[in-house]
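J.: Below: sequence and its predicted model.
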Amino acid sequence: MLYLIYLSCKVESRNHTKNGVFPKNQRSRNIKPNKMKKFKYLAILIVSSVVFSSCAFVRSPLSGFLYTSMKNPHSITSNSGASKVGTAEAMSILGLVATGDASIDAAAKAAGISKIHHVDEEATVILGIIAKYKIYVYGE
């Protein structure tokens, strides 16, 4: 698709010239419109590449095209008991902006956990636009 936009830009710029040279009476008039057309095609190229390549995804064993919601368990230690649960979350929008601290350490500190029993992770993606990653830490 991007290659077709590039080719159409080259063809249109050739159609306004004869042997690559503008006629004398049109030189000053046509230089600016050709530059504006090239700028327009360049802007379309940049916008389309950003729109079509920027999708928000998170680590998940499976993924759906329209919607993903997965929860995965992880065994961490052989510590017994899981009376407390701590969570930490990170979020991404279009894969362009990502915020949050979804680390095990942040989730453990949020619940005051010093001995971790196990960890679960949850990944949610909606249309590749919004992605959330959440960690659940269980322990004492």
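T.: Happy to help now that I have it. Computed from a predicted structure; not experimentally measured.

J.: Pull the CA coordinates from stretch 130-140 and hand them back as CSV.
T.: The C-alpha coordinates for stretch 130-140 follow below in CSV (Å, rounded to 0.1, in the frame of the first residue of the first chain):
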residue,chain,number,x,y,z
ILE,A,130,-6.4,-0.4,24.8
ALA,A,131,-4.3,-3.0,26.5
LYS,A,132,-4.1,-3.7,30.3
TYR,A,133,-1.7,-5.9,32.1
LYS,A,134,-2.4,-6.7,35.8
ILE,A,135,-0.4,-8.7,38.3
TYR,A,136,-1.9,-10.5,41.3
VAL,A,137,0.5,-11.4,44.1
TYR,A,138,-0.6,-13.9,46.8
GLY,A,139,1.2,-14.4,50.1
GLU,A,140,1.7,-13.4,53.7
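
J.: what pLDDT, on average, does it get?
T.: Averaged across stretch 130-140, pLDDT comes to 91.

J.: Equivalent analysis for stretch 77-95, please.
T.: Mean pLDDT, computed over stretch 77-95, is 86.

J.: Can you list the residue ranges for strands in this protein?
T.: Along the chain, counting by DSSP state E, strands occupy 67-75, 84-93, 97-100, 116-126, 130-139.

J.: among these, which is nearest residue 36?
T.: For these, the distance to residue 36 is smallest for strand 97-100, at 31.3 Å, taking C-beta to C-beta. The way it works is simple: take the backbone N, C-alpha and C, and place the C-beta from them, glycine included.

J.: Contacts for the closest one, please.
T.: 88-92, 133 (C-beta atoms under 8 Å, 6 or more residues apart in numbering).
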